[in-house]
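Peer 1: sequence first, predicted model second:
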Protein chains: 2
Amino acid sequence: MAIPNLQVALDHSNTAEAVAAAVSVGNEIDIVEAGTVLMLEVGSEVVQILRKLFPDKPIVADTKCADAGTTIARNCKNQGADIMTCICAAEVATMTSAAKEIDHIQVELYGDWTYEQAQEWLDNGIEQVVYHQSRDALLAGVTWGEKDLEKVQKLIDMGFKVSVTGGLNLETIELFKGVDVYTFIAGRAITEAENPAAAAKELKDKIKELWA
Amino acid sequence: MAIPNLQVALDHSNTAEAVAAAVSVGNEIDIVEAGTVLMLEVGSEVVQILRKLFPDKPIVADTKCADAGTTIARNCKNQGADIMTCICAAEVATMTSAAKEIDHIQVELYGDWTYEQAQEWLDNGIEQVVYHQSRDALLAGVTWGEKDLEKVQKLIDMGFKVSVTGGLNLETIELFKGVDVYTFIAGRAITEAENPAAAAKELKDKIKELWA
């Protein structure tokens, strides 16, 4: 079992803070994500900045694309993104048209997606998904538990590379021990820590320890 | 039955073209939308430009928000948007937290949404939806038909203000005659016409004629 990647989600509302956060934690993380909040607020140029700063790391544009897959993927790729996200409610045609323009598509699992839909994504060459606890659900008191582990394991068994995200910290990552998670995505747990680089290193060290 | 609004969706990939298109058709349309492609590419500042250009028209930020409702709604409101969209796959908590920050939320109906979910949105004060043919589905050969009219009518009967969008033209708008549509949203049918203002006027005149 490979050691899961650690991805930092930059969900600031301005470029300066996002870039500063990325630089401060860049040595500790494997994948850099321009978050949806950030992209909607400052546009895709921030992806280009991240590309220049981290020429050797995968860059995710978290567009949660629901339509116009070709155009959005082309725009993200032009700025240097390797990976782009689509929302699970998008038509498969949106995902596959985006997939023609950029290296990888990740499907963001929100709401009532089904395994039948997931199989259709796989059958169309879409092999990465992001399993979420939504931030708003977490704020409403939802927590990680056995049902999440089962769903993540089932998606892995189907053949997906599964990223996991939503209020992750040292304790919640420990729940996934023994599960072949592809990537853990952390946002505020890193970027709003007193020492973001130390927080990222602590998460990565914990992942290495648990998956060694 | 009120005469449906005409909304122009600006889905350009740069601010200059979007603003030029908005100015050219501004006299003919009722509502101006900063489209998802545009916002992801240039950020929310374009909403502020549209606000200044059209102080008396509703401005829609088509964020298709899936999470972090409070932050995204606040950012859109700060730039002057009146209306923001959420994707149907978002948690209700995302919609209601966004609704606290901005005048109106519209739920974008993509994929396998259900009337049970729609009722839950209504029960939580979310009263506007956008009924779609996705652009990628249209490119794959899907067309408007009776099944769409039935779904739109059912949503209206439930109590929603329903906007309708996706490859609309003079003929497809005619299909909706007698249906209490809140708003027709057109993008390329207006912005890529040889004479965008004339195309917008023609659509609006057709709407007025059919709903008179």
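Peer 2: Thanks, I have it.

Peer 1: quick one: the residue most central in space within chain A from chain B, how far?
Peer 2: Taking Cα atoms, centre = their mean, the centroid of chain A lies closest to residue A:185, which sits 5.4 Å from it. Counting by Cβ to the nearest Cβ, to the nearest Å, the separation of residue A:185 from chain B is 12 Å. Every C-beta, even on glycine, is put in place using the N, C-alpha and C of the backbone.

Peer 1: chain center to the helix or strand of chain A with the lowest mean pLDDT: distance?
Peer 2: When the helices and strands of chain A are scored by mean pLDDT, DSSP states H and E, helix A:135-139 comes last with a mean of 77. Chain-centre distance of helix A:135-139: 17 Å, with Cα atoms, centre = their mean, to the nearest Å.

Peer 1: got the contact list for the residue nearest to the centre of chain A?
Peer 2: By Cβ atoms under 8 Å, 6 or more residues apart in numbering or on different chains, the contact set of residue A:185 is A:7-9, A:33, A:130, A:163-165, A:168.

Peer 1: any idea which element it lies in?
Peer 2: For residue A:185, the enclosing helix or strand under DSSP states H and E is strand A:183-186.

Peer 1: ok, residue A:166 - how many residues close by?
Peer 2: With neighbours defined by other Cβ atoms under 10 Å in any protein chain shown, the count for residue A:166 comes to 21.

Peer 1: quick check, the helix or strand just after the least confident helix or strand of chain A touching chain B?
Peer 2: The helix or strand immediately downstream of helix A:135-139 is helix A:146-158, counting by DSSP H and E. No. Shown here: helix A:146-158 not in contact with chain B (Cβ under 8 Å from any Cβ of the partner chain), separated by at least 14.7 Å.

Peer 1: say whether chain B is contacted by the host helix or strand of residue A:190.
Peer 2: Following DSSP H and E, one finds residue A:190 within helix A:188-191. No. Under the criterion of Cβ under 8 Å from any Cβ, chain B is not reached by helix A:188-191; the shortest gap measures 10.6 Å.

Peer 1: give the rounded mean pLDDT of that helix.
Peer 2: Averaged across helix A:188-191, pLDDT comes to 95.

Peer 1: CA atoms of the helix or strand that that helix is followed by as PDB?
Peer 2: Using DSSP H and E, the helix or strand that directly follows helix A:188-191 along the chain is helix A:196-211. What follows is helix A:196-211, C-alpha atoms only, in PDB (Å, rounded to 0.1, in the frame of the first residue of the first chain):
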ATOM      1  CA  PRO A 196       1.300  26.100   8.800                       C
ATOM      2  CA  ALA A 197       4.600  24.400   7.800                       C
ATOM      3  CA  ALA A 198       4.800  22.500  11.100                       C
ATOM      4  CA  ALA A 199       1.100  21.500  10.900                       C
ATOM      5  CA  ALA A 200       1.600  20.200   7.400                       C
ATOM      6  CA  LYS A 201       4.700  18.300   8.500                       C
ATOM      7  CA  GLU A 202       2.900  16.800  11.500                       C
ATOM      8  CA  LEU A 203       0.100  15.600   9.200                       C
ATOM      9  CA  LYS A 204       2.500  14.100   6.700                       C
ATOM     10  CA  ASP A 205       4.600  12.500   9.400                       C
ATOM     11  CA  LYS A 206       1.400  10.900  10.900                       C
ATOM     12  CA  ILE A 207       0.500   9.600   7.400                       C
ATOM     13  CA  LYS A 208       4.000   8.100   7.000                       C
ATOM     14  CA  GLU A 209       3.800   6.500  10.400                       C
ATOM     15  CA  LEU A 210       0.300   5.000   9.900                       C
ATOM     16  CA  TRP A 211       1.000   3.800   6.300                       C
END
